[in-house]
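> coords below, sequence missing:
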């Protein structure tokens, strides 16, 4: 099983993803680690990435997840995956039902507060508005509000996945 924890910067993808991977005994990868230097420099200067900037990065992340699948292992990817076409690229070539998208959600105020409290290599708080404007909430993803302790959020994700498997 492969999870993509998605959402805007500050939604908790890395925190929840690390814990989810530990609880499921799977690999964890942070999509930020796969951005080319040019993308990181652009974001660090306060400029939002465009679709052309993102495409090679998304294709690399797809190769990572296909590698997990081909090796017969699960994984958790923390990736913004803001648009439907980004999610299509991420899951391309994967059998239906293999990739589970989980939207980590929360109020703009809560996320802005988190961003203000942290120092990130290239994601600045002023990019939050552009990310929220870009977000196309998926209709088929799990949606979990990340406003509790991380263990409780992971419990909810696992419970929702279990319910879907039974359906």
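Cool, the structure landed. Note that this is a predicted model, so its numbers are computed, not measured.

> which helix is the longest one in this protein?
helix 51-70 (DSSP state H).

> which is the next helix or strand following that one?
strand 75-78 (DSSP states H and E).

> That following strand packs against which elements?
strand 2-6, helix 13-24, strand 27-30, helix 51-70 (3 or more Cβ pairs under 8 Å, 6 or more residues apart in numbering; DSSP states H and E). In this view, the C-beta of every residue, glycine as well, is placed from N, C-alpha and C.

> now what about the longest helix of the chain, what contacts it?
By Cβ atoms under 8 Å, 6 or more residues apart in numbering, the residues outside helix 51-70 that reach it are 2, 4, 26-27, 29, 31, 34-36, 38-39, 42, 74-75, 77, 79, 83, 85-86, 89-95, 98-99.

> Grab the longest strand from the protein for me.
Taking DSSP state E as the criterion, the chain has its longest strand at strand 99-105.

> So which elements touch that strand?
Against strand 99-105 (3+ Cβ pairs under 8 Å, 6+ apart) you get strand 2-6, helix 84-91, strand 142-145, helix 150-166.

> Buried deepest among these, which one?
strand 2-6 (a mean of 27; mean count of other Cβ atoms under 10 Å).

> starting at the chain centroid, how far to that strand?
With Cα atoms, centre = their mean, to the nearest Å as the basis, strand 2-6 stands 6 Å off its chain's centre.
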